[in-house]
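Undergrad: Quick check, what structure comes out for this input:
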Amino acid sequence: MQMKVSVYLKKCSPETSNICFRVREKSVDIKVVSPLEVQDRYWDSDTLSYRRTTAVPAAEQKRLPGQIAAIIERAEKTSSDKADGRWMRQVIEDVLYPARAFERNHPNLLARVHEYLEKFDGAERTKEHIVRFERKMTRYHDYRREILGEADFTLFVETVTLEQMNDFRDYVVNEYKLRQEHPDFYTPRTLINHRPRPLSGTTVINIMNLFCTFLHWCKKMKYSDNEVYALYGCKEPTYGDPFFLTSEERNILYDADLSDCPKLAVIRDIFVFHCYVGCRVGDLYRLTRDNIKDGFLEYMPQKTKMEHANTVRVPLNQKAREILERYKDLENALLPRFSHFGYNKKIKEILKYVGIDRKVIVLDPKTREDVARPLYEVASTHTARKTFIGNLYRQVKDPNLIASMSGHSEGSRAFARYRKIDDEMKKELVNLLD
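TA: Next up is the predicted model:
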């Protein structure tokens, strides 16, 4: 015998009532109050719909009968051995809040991002980007739920749409404005409460490319067949021409007397050594004496080890060896330990201190226009890597040879950015015509 489901009203205010459901079958008799409310004056209990009126929005008049019918249908199809008050409340919730029903059987997108982070075995710098992506995605969910009032908002990798990806992108672009509008909401959710400022176009592109990479990983893990990441498509960030220290500027830095600034002298040594080996800063931080073999620096780049586990070998010149000799007594590291943020800041300070203020053209991340800035203002940890590659390329025009020492993968698009053709190289080519 199929369960019989009926509907009745229960007053919740002088003018409104809750829709209630009664389930009967043999010894079963369940009564459950639902969160659905109706305006008594216009409700027809026989047809379970509103009478024609303009007092109730048309969308609500259309929605409510459908929800009631769906609850009745789901309850009647459920086996009677599960019939109790808790079961009926679950039936009602599953119809009214389908995201909750889906979430009970599927980890949501935030849970999958956390799993992606825990299983990630690549470069530490990339892992930091994933951490920031997870925090931003968490804030996005909280914003939709608490500020926009969408209490049940949840994304799932199985069902995320192009529209939802674009909405997240819009949130990323405008989050700095939202922080100004809702300081009480964002202050406890932001680790560094600096003055809100817009992200560069390149940063936004990189965040969304990471979103696509994550969704593609979910597909490879067979968590989802959703290929919305392909529909969104990864975008190519826009970069300015690479700038770097010339060999002469690097030598000025190496020879500078910093005896009155011992802390700067240590960072100078790290930076100059970095310029001579060209590794990524994450790899530099992990180096130990075990990485030095027969006058070569040997290491496996963390960023590309998942693609190809190649060992990079870079011969150490005299100045690089002299720097290492100064720190030969360190126990567990090749060079003194440093924080990434502190290292970046001190590089700028050192270059300014020794007078390396040549103007370079950089792409303004906000306006996307070329601007001239002193080199010391825009230098960073990555400047050391560019200095290594740029100066080598001036001497040897073989990208494969240089890439074998920089740790770039074969055919890397990133490596192409370093191959800036400067005026001297152009003159060499023109001279070949004589």
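
Undergrad: Not counting sequence-adjacent ones, nearest residue to the residue nearest the centre of the chain?
TA: By Cα atoms, centre = their mean, the mean C-alpha position of the chain lies nearest to residue 133, the distance being 2.8 Å. Nearest-residue entry for residue 133: residue 210, 5.2 Å, with adjacent residues in sequence omitted and distances by Cβ to Cβ, 6 or more residues apart in numbering. Placement of C-beta: from N, CA and C, glycine included.

Undergrad: hang on, the earlier thing: distance of the residue nearest to the centre of the chain relative to residue 139?
TA: Remark: distance between residue 133 and residue 139 (Cβ to Cβ, to the nearest Å) = 11 Å.

Undergrad: what do you get for residue 69?
TA: Relative to residue 139, and taking Cβ to Cβ, residue 69 is found at 38 Å.

Undergrad: neighbour count winner among the two?
TA: residue 139 (19 against 14; other Cβ atoms under 10 Å).

Undergrad: quick one: low-confidence ranges for the stretch 1-150 of the chain?
TA: Low-confidence segments of the stretch 1-150 of the chain (pLDDT under 70): 1-2, 79-82.

Undergrad: now the strands for it?
TA: Under the criterion DSSP state E, counting those that start in this stretch, the stretch 1-150 of the chain contains strands at 4-11, 16-25, 28-39, 43-44, 49-50.

Undergrad: Can you list the strands that the last one pairs with?
TA: So the one you mean is strand 49-50. Each strand paired with strand 49-50, and its direction, by DSSP bridges: strand 43-44 (antiparallel).

Undergrad: Next: the second one.
TA: Here the strand partners of strand 16-25, with direction, are listed using DSSP bridges: strand 4-11 (antiparallel), strand 28-39 (antiparallel).

Undergrad: so how far is residue 249 from the nearest residue to residue 354 once chain neighbours are set aside?
TA: Distances taken as Cβ to Cβ, 6+ apart put residue 256 closest to residue 354, at 4.5 Å, once the chain neighbours are dropped. Using Cβ to Cβ, we find residue 256 at a distance of 11 Å from residue 249.

Undergrad: Report how many residues lie close to the closest residue to residue 333 other than its chain neighbours.
TA: Excluding the flanking residues, the one nearest residue 333 by Cβ to Cβ, 6+ apart is residue 288, at 6.0 Å. Residues near residue 288, counting by other Cβ under 10 Å, number 13.

Undergrad: Now do residue 317, the pLDDT please.
TA: Residue 317 is assigned 92 on the pLDDT scale.

Undergrad: How about the contacts made by the closest residue to it other than its chain neighbours?
TA: Nearest non-adjacent residue to residue 317, counting by Cβ to Cβ, 6+ apart: residue 276, 6.1 Å away. By Cβ atoms under 8 Å, 6 or more residues apart in numbering, the residues touching residue 276 are 316-317, 319-320, 388.

Undergrad: next one: residue 48
TA: Contact analysis of residue 48 by Cβ under 8 Å, 6+ apart lists 7, 65, 68-69.

Undergrad: And the pLDDT at residue 170?
TA: Looking at residue 170, its pLDDT is 95.

Undergrad: Pull the number of nearby residues for residue 64.
TA: Counted with other Cβ under 10 Å, the burial measure for residue 64 works out to 19 neighbours.

Undergrad: Surely it and residue 50 touch.
TA: Yes: here residue 64 reaches residue 50: they are 7.2 Å apart, a contact under Cβ atoms under 8 Å.

Undergrad: The contacts of residue 276, buried ones only, as a ChimeraX selection?
TA: Buried subset of the contacts of residue 276, written as a ChimeraX selection, criterion 16 or more other Cβ atoms under 10 Å:
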select :316,319,320,388
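
Undergrad: Please identify which of the contacts of residue 276 is nearest to residue 262.
TA: The shortest approach to residue 262 among these belongs to residue 319, at 19.3 Å (Cβ to Cβ).

Undergrad: Could you check how far the closest one is from residue 247?
TA: Note on residue 319: its distance to residue 247, by Cβ to Cβ, is 11 Å.

Undergrad: Please apply the same query to residue 350.
TA: For residue 350, the distance to residue 247 (Cβ to Cβ) stands at 17 Å.

Undergrad: Neighbour count: the two, which is higher?
TA: Per other Cβ under 10 Å, whichever of residue 350 and residue 247 has more neighbours is residue 350, with 22 against 14.

Undergrad: In what element of secondary structure is that one found?
TA: Applying DSSP states H and E as the criterion places residue 350 in helix 340-353.

Undergrad: For residue 335, grab the count of nearby residues.
TA: Applying other Cβ under 10 Å, we find 19 residues neighbouring residue 335.

Undergrad: again with residue 244
TA: The burial count assigned to residue 244 is 24, neighbours taken as other Cβ under 10 Å.

Undergrad: tell me the secondary structure for it?
TA: The assignment at residue 244 comes out as coil when based on DSSP: H, G, I helix; E, B strand; the rest coil.

Undergrad: quick one, phi/psi of it?
TA: Backbone torsions of residue 244, given as degrees, to the nearest 10, read phi -160, psi 170.

Undergrad: Could you check how far it is from residue 374?
TA: Going from residue 244 to residue 374 by Cβ to Cβ gives 14 Å.

Undergrad: Poorly predicted segments of the stretch 151-300 of the chain, please.
TA: Using pLDDT under 70, the stretch 151-300 of the chain drops low at 193, 236-241.

Undergrad: Break down it into its helices, ranges please.
TA: Secondary structure of the stretch 151-300 of the chain by DSSP state H, counting those that start in this stretch: the helices cover 162-181, 183-186, 201-220, 228-232, 247-255, 262-277, 281-286.

Undergrad: Also the stretch 1-150 of the chain?
TA: Using DSSP H, counting those that start in this stretch, helices in the stretch 1-150 of the chain cover 58-77, 85-96, 98-105, 109-119, 124-142.

Undergrad: counting contacts, what elements does the longest one pack onto?
TA: Think helix 58-77. Packing contacts for helix 58-77, counted by 3 or more Cβ pairs under 8 Å, 6 or more residues apart in numbering; DSSP states H and E, involve strand 4-11, strand 16-25, strand 28-39, strand 49-50, helix 85-96.

Undergrad: Determine the angle, from 0 to 180 degrees, between that helix and strand 28-39.
TA: 180 degrees (axes from the mean of the first three to the mean of the last three Cα atoms, to 10 degrees).

Undergrad: Give the buried residues for helix 58-77.
TA: Buried residues in helix 58-77, counted by 16+ other Cβ under 10 Å: 61, 64, 68, 70-72, 74-75.

Undergrad: which residues are contacting stretch 108-119?
TA: With contact meaning Cβ under 8 Å, 6+ apart, stretch 108-119 is reached by 107, 127, 130-131, 133-134, 137-138, 141, 154-157, 160, 214, 217-218, 223.
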